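Engineer: Predicted model and sequence below, questions to follow.
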Amino acid sequence: MSELKRTPLFDEHLAAGAKIVPFAGYEMPVQYTSLMDEHRAVREAAGLFDVSHMGQFHFRGPQAAAFLDHLTPSRVSAVPVGRAVYTALTTETGCFVDDILAYHVGEEHFLVVVNAANKKKDFAWIASHRAHFAIEFDDASDRGALIAIQGPKARRIVARIAEGFDGLAVKYYRVVAGKIAGHQAIASRTGYTGEMGYEIFVAAESAPAVWKALLAAGAEDGIQPAGLGARDSLRLEAALPLYGNDIDETTSVLEAGLEFTIDWDKSDFIGMDVLRHERETGSARRRVGFEIAGRGIARQGHRLFDGERDLGPVGSGSWSPTLKKAIGMGYLPLEYNLPGKTLEVEVRGRRLPAVVTPMPFYRRPKAKKKGA
């Protein structure tokens, strides 16, 4: 077993009393106080996450956008400088090498964030397809850090220590450059929790100072550091897929319900023909949300049933601290993609009643208009 790596914020986690676990090749904080407290902090105030284990790839050159157009079903070349797009690296069968975020951070310059467990695989996949494209491709994962601040009070906390941009004015999926607490940073209005907030890219050596500054700036608002446990329960409530649980190299972009990432007018991208055929003939299954109707929690790998018919495994499942019920996602035949449809989940040899539920399970409350 190879030695686990540490992010630039490892000492901060230890100082805060975090419980450390192995995750995607790193020693990462799973929680500091409790999953419930950290989850609640993000929904009601703000939570601070170390996501420096994620991969950071840079694409530069006159054909950087064209190369990303080839690798993904999205038209990345149409994304203006200062914006981000959620998309996928697709296989020849229209399935997921990985799901990614691509940030257009400068002229002929894109920053792409990939899942931590997939860094080596993604790098090799990208490198194997770069022939004939005039690009520079660089893995900067170990040189940088990535800090996510999420929650209804996250933007105003960032605004207190941001320089060069208004932390309250940056729109969703926009990317800006400036300083956070005096340190050079790229701040993106993206996240993985269903809440408003930022994902902040800084140099590895700047990460501890920025982390401390964000905690200090948000102290009066109830900010808390949050670990992998809360990150998972938050993203599940928002019905955001997790690679390895809900999407992988056997699930197509259409089956996953992520067809919004596909620009059907593109002339070519990896997996295009298969996805077009699937759109014409229809998918055999679909990612579907459900909730447990009684007591019990469905977890990854538990089986979904309709009578004696085995419908497949649960992809993600957990208790929802916000909704106070057990929720989950799985791939079901299309006839089960109906809100209110009943089924069962087998948990430790016992069948639990469940009902198909629209996704996302949770939507953040809309901000009240001034004067309301």
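Structural biologist: All right, it came through fine. Numbering: from 1, shown residues only.
Engineer: Please report the distance of residue 102 from residue 85.
Structural biologist: Noted for residue 102: a distance of 5 Å to residue 85, by CB to CB, to the nearest Å. To be clear about C-beta, it is placed using only N, CA and C from the backbone, and glycine gets the same treatment.
Engineer: Verify the stated contact: residue 193 with residue 231.
Structural biologist: Yes. Residue 193 is within contact range of residue 231, at 7.1 Å (criterion: CB atoms under 8 Å).
Engineer: what's the distance between the helix or strand hosting residue 233 and the middle of its chain?
Structural biologist: Secondary structure assigned from DSSP states H and E places residue 233 in helix 228-237. Distance, stretch centre to chain centre, for helix 228-237: 10 Å (CA atoms, centre = their mean, to the nearest Å).
Engineer: Stretch 188-204 too?
Structural biologist: 10 Å.
Engineer: And that stretch, what's buried?
Structural biologist: Along stretch 188-204, these residues count as buried under the neighbour rule (16 or more other CB atoms under 10 Å): 188-202, 204.
Engineer: from the residues you listed, which single one is nearest residue 36?
Structural biologist: Checking the buried residues of stretch 188-204 against residue 36 by CB to CB gives residue 193 as the nearest, at 14.9 Å.
Engineer: how close does residue 329 sit to residue 193?
Structural biologist: Here the criterion is CB to CB. By it, residue 329 lies 16 Å from residue 193.
Engineer: if we can go back for a sec, now the common contact residues for residue 102 and residue 85.
Structural biologist: Counting by CB atoms under 8 Å, 6 or more residues apart in numbering, the contacts common to residue 102 and residue 85 are 74, 76, 79.
Engineer: Report the contact partners of the second one.
Structural biologist: Residue 76 makes contact with 65, 68-69, 85, 87, 102, 104, 110 under the criterion CB under 8 Å, 6+ apart.
Engineer: ok, now the last one?
Structural biologist: Listed by CB under 8 Å, 6+ apart, the contact partners of residue 79 are 65, 85, 102, 104.
Engineer: returning to what we had before: how about the shared contacts of residue 102 and residue 85 in CSV, adding pLDDT and secondary structure?
Structural biologist: Shown next, in CSV, are those (pLDDT from 0 to 100; DSSP: H, G, I helix; E, B strand; the rest coil):
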residue, pLDDT, secondary structure
74, 98, coil
76, 98, helix
79, 98, coil
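Engineer: Kindly reformat the residues you listed as JSON lines containing distance to residue 98.
Structural biologist: What follows is the shared contacts of residue 102 and residue 85, written out as JSON lines (distance: CB to CB, whole Å):
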{"residue": "74", "distance to residue 98": "14"}
{"residue": "76", "distance to residue 98": "15"}
{"residue": "79", "distance to residue 98": "18"}
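Engineer: before we move on, the earlier item: among the buried residues of stretch 188-204, which are in strands?
Structural biologist: 188, 197-202 (DSSP state E).
Engineer: measure residue 14 to residue 20 for me?
Structural biologist: 7 Å.
Engineer: Residue 183 - how many residues pack around it?
Structural biologist: For residue 183, the neighbour count with other CB atoms under 10 Å is 18.
Engineer: same deal with residue 294?
Structural biologist: Using other CB under 10 Å, residue 294 has 9 neighbouring residues.
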